[in-house]
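Peer 1: here are the coordinates; sequence isn't available:
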């Protein structure tokens, strides 16, 4: 039992939230993303965090297509979960701009960066 006195449902929730976070902190982004997708309900805010982290992992490795895909998924989820004016949406837009710049698409990068600042 993870947390005494809170019951089995609480313990399961703690497990589903904490374990992917520990894996992510170890740098195992793809595994953490899979775990989040398998254990957290669709639309959970940590799903967006997992996608943002996965995008960063891909961007750092030079896998621009995979990074763009992860950031696009994160952006869609952040908008749905938090609303269009939330800072997480701006973060996803800013990171998407970095991918566009890394691909050499400076016009798209400016557009995304501008959207992030609004």
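Peer 2: Looks like it came in fine. This is a predicted model, so every value here is computed, not measured.
Peer 1: may I ask which helix or strand of the protein has the lowest mean pLDDT?
Peer 2: Scoring the helices and strands of the chain by mean pLDDT, DSSP states H and E places helix 8-25 at the bottom, with a mean of 54.
Peer 1: next up, identify which helix or strand residue 48 is on.
Peer 2: helix 45-60 (DSSP states H and E).
Peer 1: spit out the contact partners of residue 116.
Peer 2: 90-91, 93-94, 97 (C-beta atoms under 8 Å, 6 or more residues apart in numbering). Just so you know, the C-beta spots here come from the backbone N, C-alpha and C atoms, and that holds for glycine as well.
Peer 1: for it, which non-adjacent residue is closest in space?
Peer 2: Leaving aside its sequence neighbours, residue 116 sits nearest to residue 93 (C-beta to C-beta, 6 or more residues apart in numbering; 3.7 Å).
Peer 1: so the one you found sits right up against residue 112, yeah?
Peer 2: Yes - using C-beta atoms under 8 Å, residue 93 is in contact with residue 112, at 5.2 Å.
Peer 1: now the protein, which segments are flagged as low pLDDT?
Peer 2: In the predicted model of the chain, residues 1-27, 29, 32-33 satisfy pLDDT under 70.
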